[in-house]
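K.L.:
Everything below, folded, please.
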Amino acid sequence: MSVPSFHPDVAEQHLRVDIDDWDDVYVVGDVHGCLSTLERLVGRLEPSDDDLVVFVGDLVRKGPDSKGVIDYVRGRDNFLTVRGNNEEKLIRGTKEVDSLTDDDLAWIEGLPVAISWDGALVVHGGVHPEKPLDEHDVDDLETTRAMNPGDSYDGPFWFEHYEGPDRVFFGHTVMAHPAVFEYAMGLDTGAVYGGELTAYDFHANELVSVDVEVTHESRKDSKILEPGQPALV
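P.N.:
I've put the predicted structure just below:
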C-alpha cells in the first residue's frame, strides 16, 4: 500500500514503520503522566522486545509523573509515540513541566507528528474528512476533534464521518469507552480523569484497559464523550 501524502510541514515529521518487523503491535491512549497506570497496563500486555508499542501522544501534563512517563517510554527502543497537543505546548513554551530537563524537551521536540504503517495512521487529534490529508498541518493533526471550527465537544465529530482510506488511531478526545469505527479508533479513555488507560492489540483486534487508582484531575461530564460505536468493527 502507498505511503500517505502529508503537508510539507508534517512530511518531515512523519515516521513510517514496517509492522512486519514486529511480532505484535499495541496502540496506547493518552497517559498524561500516570506512570503507575501505564506500568500496570504494560504488565497486562507483556510486550516482548519483538513487539511494538505506539502511543497516541499526550504522555505529559495533568498527571503526577510526566518525567517518569517520559523516561519509561524513552528507555525502550520498541516504544514510539507521536507528539500530542500537550507536548506541543511544552515546545512552544505556553505550558511547563518543572521536572522535565532540556534533554527531555529536545527529545519531545524531535517526536513525529504522525506514525503510519500499511492501512494505519497514528496521530493525536484526528483528520478532518472534508479536507485532504496533505492540507492538514501540525496543529490540525494534533487538535482536530469537531467538524466545525474550534476544539469543541458539541460535534459533529470527525471520526463519525471519516471514511479512510487508512484507519486512524487517535487520542485527544476523552471517551467514556473507546470509540471504535471502521476507519477510526479513539483510545483516550480519561486515565488522568479517573477513567481507564486503554490499549489496542492490533493483530488480535482486542482492547485492553486498566482502571486508574487515583483521579488526578476533575472533568465535566460534558467533556467526556459517549461514543456511538462501543463494539469492535
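K.L.:
what ranges do the helices span in this protein?
P.N.:
Secondary structure of the chain (DSSP state H): helices at 8-11, 35-45, 66-74, 85-92, 102-109, 138-143.
K.L.:
looking at those, which is buried most?
P.N.:
Each of those was scored by mean neighbour count; the highest is helix 138-143, a mean of 21, by mean count of other CB atoms under 10 Å. Placement of C-beta: from N, CA and C, glycine included.
K.L.:
all strands of this structure, in order?
P.N.:
Listed in chain order, the strands of the chain (DSSP state E) span residues 14-16, 25-28, 52-55, 79-81, 114-117, 120-122, 167-170, 179-181, 184-186, 196-201, 206-211.
K.L.:
Let's have the helices of the chain in TSV, adding mean pLDDT and distance to residue 202.
P.N.:
What follows is these, written out as TSV (pLDDT from 0 to 100; distance: least, CB to CB, whole Å):
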stretch	mean pLDDT	distance to residue 202
helix 8-11	96	23
helix 35-45	98	12
helix 66-74	98	18
helix 85-92	97	23
helix 102-109	97	25
helix 138-143	97	20
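K.L.:
can you list those in TSV and add distance to residue 173?
P.N.:
Supplementary listing: these in TSV, determined by distance: least, CB to CB, whole Å:
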stretch	distance to residue 173
helix 8-11	20
helix 35-45	19
helix 66-74	20
helix 85-92	11
helix 102-109	22
helix 138-143	10
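K.L.:
about what we covered before: so which of the strands of the chain comes closest to residue 155?
P.N.:
Judged by CB to CB, the one of these that comes nearest to residue 155 is strand 179-181, at 12.0 Å.
K.L.:
strands paired with that closest one, and their directions?
P.N.:
With DSSP bridges as the criterion, the sheet partners recorded for strand 179-181 are strand 184-186 (antiparallel).
K.L.:
Contacts for the strand it pairs with, please.
P.N.:
Taking CB atoms under 8 Å, 6 or more residues apart in numbering as the criterion, the residues outside strand 184-186 that touch it are 27, 126, 158-159, 162, 167-171, 173, 175, 178-180, 200, 227.
K.L.:
pLDDT of that strand, averaged?
P.N.:
On average, the pLDDT along strand 184-186 is 97.
K.L.:
Likewise for stretch 47-62?
P.N.:
Looking at stretch 47-62 alone, the average pLDDT works out to 98.
K.L.:
residues of it that come out buried?
P.N.:
For stretch 47-62, a neighbour-count test (16 or more other CB atoms under 10 Å) marks 47, 51-62 as buried.
K.L.:
Run a quick neighbour tally on residue 219.
P.N.:
Counted with other CB atoms under 10 Å, the burial measure for residue 219 works out to 15 neighbours.
K.L.:
Let me know the distance separating residue 70 from residue 63.
P.N.:
12 Å (CB to CB, to the nearest Å).
K.L.:
Need the residues touching each of those two.
P.N.:
Taking CB under 8 Å, 6+ apart as the contact criterion, no residue touches both residue 70 and residue 63.
K.L.:
which residues touch the residue nearest the centre of the chain?
P.N.:
Nearest residue to the geometric centre of the chain (CA atoms, centre = their mean): residue 56, 1.6 Å. Contacts for residue 56 were tallied using CB under 8 Å, 6+ apart; they are 27-30, 81-82, 84, 122-124, 169-172, 187-188.
K.L.:
Any idea which of the helices of the chain gets closest to residue 196?
P.N.:
Between residue 196 and these, the tightest spacing by CB to CB is seen for helix 35-45, at 8.5 Å.
K.L.:
what's the closest one in contact with?
P.N.:
The contact list for helix 35-45 (CB under 8 Å, 6+ apart) reads 26, 28, 31, 51, 53, 63-65, 68-69, 72, 191, 197, 199, 201, 208-210, 212-213.
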